[in-house]
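Q: quick check, what structure comes out for this input:
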Amino acid sequence: MKKKHFNCPAELTAKLIGGTWKSSLLYHLRKTPKRFGELRRLSPGLSQSTLSRELRDFEKNGIISKTKIGKEPYNGTEYALTEKGQTLKPILNAMIRWGLENQKDFVLGDFRVVTNQSK
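A: Presented below is the predicted three-dimensional model:
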């Protein structure tokens, strides 16, 4: 992101990690690296082009890194939080806690947990 003027530090943070998909992607990357396909499965409703755009944006801003797996191009790539991205964990954890504590007011049922077995 090009440097620009912001009204406050919270505006900068919201610009970098705000939005439905960015916060969701950070949530899924907070513990372990993930492949593109894993992130796609963990984010139902997220299109491939939007996922690519959000990952490129994070990479450009130094929040995630992209690493090729193996020597062959078809082995894929893996995405992980960078050192700078790791510093977002306290913010993510606070957002997660708030969401869990207030889900009864905003969520029908409980949060949907997606695993490799469920779709």
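Q: name the helices or strands packed onto the top helix by length along the chain?
A: For the chain, the longest helix by residue count, based on DSSP state H, is helix 89-106. With contacts taken as 3 or more CB pairs under 8 Å, 6 or more residues apart in numbering; DSSP states H and E, helix 89-106 sits against helix 20-29. Every C-beta, even on glycine, is put in place using the N, C-alpha and C of the backbone.
Q: okay, buried residues for the helix it packs on please.
A: Using 16 or more other CB atoms under 10 Å as the test for burial, helix 20-29 gives 21-26, 28-29.
Q: and that helix, what does it pack onto?
A: By 3+ CB pairs under 8 Å, 6+ apart, helix 20-29 packs against helix 9-17, helix 36-42, helix 48-60, strand 77-81, helix 89-106.
Q: out of those, flag the one nearest K3.
A: Proximity to K3 (CB to CB) singles out helix 9-17 among the helices and strands packed on helix 20-29, at 10.3 Å.
Q: now do that closest one against helix 89-106, angle only.
A: 90 degrees (axes from the mean of the first three to the mean of the last three CA atoms, to 10 degrees).
Q: report the buried residues of stretch 72-82.
A: 78-79, 81.
Q: tabulate those residues (CSV), appending pLDDT.
A: Shown next, in CSV, are those (pLDDT from 0 to 100):
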residue, pLDDT
E78, 96
Y79, 98
L81, 98
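Q: from the residues you listed, which is closest to T13?
A: Using CB to CB, L81 comes nearest to T13 of the buried residues of stretch 72-82, at 15.3 Å.
Q: need the contact list for the residue lying closest to T50 once chain neighbours are set aside.
A: Nearest residue to T50 in three dimensions, chain neighbours excluded: W21, at 6.2 Å (CB to CB, 6 or more residues apart in numbering). Counting by CB atoms under 8 Å, 6 or more residues apart in numbering, W21 touches 43, 46, 50-51, 54.
Q: that's all I had, so thanks and see you.
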